[in-house]
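> Sequence first, predicted coordinates after that:
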Amino acid sequence: MNIEDYKNVWVFIETAQGEVKNVGLELLNQGKKLAEANQEKVIAVVIGKNNDTGVKSAIAYGADGVICVEGDEYQDFSADGYANVMVKLCEKYLPSVILVGATNNGRDLASKVATRLQTGLTADCTDLGVNGDGLIAWTRPALGGNIMATILCAERKPQMGTIRPGVFKKAQPDATRTAEVINEEIKTPTEAIRTKIIEIIKAVGDSGTKIEEAEVIVSGGRGIEKPENFALLKELADVFGGAVGASRVAVDAGWISPLQQVGQTGKTVGPKIYIACGISGAVQHLVGISSSETIIAINTDADAPIFEVADFGVVGDLFEVIPVLIEEFKKIKAS
Ligand code: FAD
């Protein structure tokens, strides 16, 4: 391997039932910055049965080029089929960096590809930069989330990582952009795909809105005291068409679905407004909310660490404060 031969930043554009997942578009935006730092290009890789939407979105959101592989066998995601495609493309084009969303499918894919290419993979990154030698600096929580470790992959290429949805923001789309699209024909024999999707059951959390996609999230922690009290948070979230989230304590207590957990072992979110109710602000929780535009905290303890990161704070009992907020926000909306 001559690592000097490897060029460009690739971003895997994940799709599901024809829809493009946000995380690939978020990574295009950050991938472009990393590529530009090394005078390289950001290239989107789209795999599927009909890739029109994926290709158009990738270009609109900033890809300098797209590699597209279509085939009946790629209609649904399979780690075997998609990894076969990615490995063959990598062997032909020698990318320097591959960014993959840390979704269930993305994690499955990236680990297979990294193993086959005998390269390193930094999983679940929460930040990406470029160091003085042009290497990607992959940052992720380590040692139980108590420190953030920055990892380099200096001796192998491509440098690979999975990045959580919501860590980076998408660019503003520009439908007038153009970019070169390379169509590659790569077949995967049916018998080489060992998994088959039989049925798709849509998973929705208690709030009905996915927290990864919500613009407003109202989250509850131990201070919520019991599962029924999440109804109060839902009432506040509903005023904004938002979603209900939770700390791990609330999830572990069985008060709310694990799909709603925010934090290191939950989801990373980047809403416009994050309202933390009865949440102390442990580092493992904060790592999941750092991309939020505005953080509002409601807590009885004025010394709770959540107030150190909050843009607005209310020291008070959430059961008294939230009903007032609901009433006031409803009045503002009505006027
Ligand atoms: P607490 O820390 O007990 O805080 C409850 C807060 O509620 C207190 O500040 C209290 O003052 C306040 N309160 C009580 N009653 C009221 C009231 N009536 N009105 C207003 N405020 C009130 N945690 C996560 O959240 N997400 C994760 O992904 C995650 N991953 C982890 C991974 C590892 C490896 C480890 C070790 C831990 C992880 N944790 C995670 C757990 C984390 O360390 C904390 O234990 C947890 O976040 C605390 O949850 P909490 O804030 O709800 O509870």
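Looks like it arrived, so ask away.
> Spell out which residues make up each domain of the chain.
Split into domains by automatic domain parsing, the chain comes to 3-192, 216-334.
> Tell me if the shortest one is near the ligand.
Yes: counting by Cβ under 6 Å from any ligand atom, the ligand is contacted by domain 216-334 at 221-223, 247-250, 261-266, 278-280, 282, 284-285, 288, 298-301, 304, 317-319. Heads up, the C-betas are built off the backbone N, CA and C, glycines and all.
> Of these, just the buried ones, PyMOL syntax please.
Only the buried entries of those go into this PyMOL selection, using 16 or more other Cβ atoms under 10 Å:
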select buried, resi 221+223+247+248+249+250+261+262+263+264+266+278+279+280+282+284+285+288+298+299+304+318
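> Among the residues of domain 216-334 next to the ligand, which lie within strands?
298, 299 (DSSP state E).
> Adding mean pLDDT, write the domains of the chain out as CSV.
Listed next are the domains of the chain as CSV, based on pLDDT from 0 to 100:
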stretch, mean pLDDT
domain 3-192, 95
domain 216-334, 95
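> could the ones you listed be laid out in a markdown table, adding distance to residue 210?
Shown next, in a markdown table, are the domains of the chain (distance: least, Cβ to Cβ, whole Å):
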| stretch | distance to residue 210 |
| --- | --- |
| domain 3-192 | 10 |
| domain 216-334 | 7 |
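> Would it be right to say that residue 123 lies in a helix?
No: with DSSP: H, G, I helix; E, B strand; the rest coil as the criterion, residue 123 is strand rather than part of a helix.
> How about the contacts made by the closest residue to it other than its chain neighbours?
In this structure, residue 123 finds its nearest non-sequential neighbour in residue 162, 5.1 Å apart by Cβ to Cβ, 6 or more residues apart in numbering. Counting by Cβ atoms under 8 Å, 6 or more residues apart in numbering, residue 162 touches 100, 101, 102, 106, 107, 110, 121, 122, 123, 124, 125.
> Make a ChimeraX selection of the buried ones in the residues you listed.
Remark: buried members of these, expressed as a ChimeraX selection using 16+ other Cβ under 10 Å:
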select :100,101,102,106,107,110,121,122,123,124,125
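> picking up where we left off before, and the residue nearest to residue 123, its phi and psi?
phi -110, psi 140 (degrees, to the nearest 10).
> what do you get for the one 5 residues further on?
Torsion angles at residue 167 (phi, psi; degrees, to the nearest 10) stand at phi -70, psi -40.
> Residue 67 is in contact with residue 93, correct?
Yes: with contact defined as Cβ atoms under 8 Å, residue 93 reaches residue 67; the gap is 7.3 Å.
> Show me what from the stretch 51-200 of the chain comes close to the ligand.
144, 145.
> Three-state assignment for whatever residue of the stretch 51-200 of the chain ends up closest to the ligand, please.
The ligand sits closest to residue 144 of the stretch 51-200 of the chain, with a gap of 4.3 Å, by Cβ to the nearest ligand atom. What three-state DSSP gives for residue 144 is coil.
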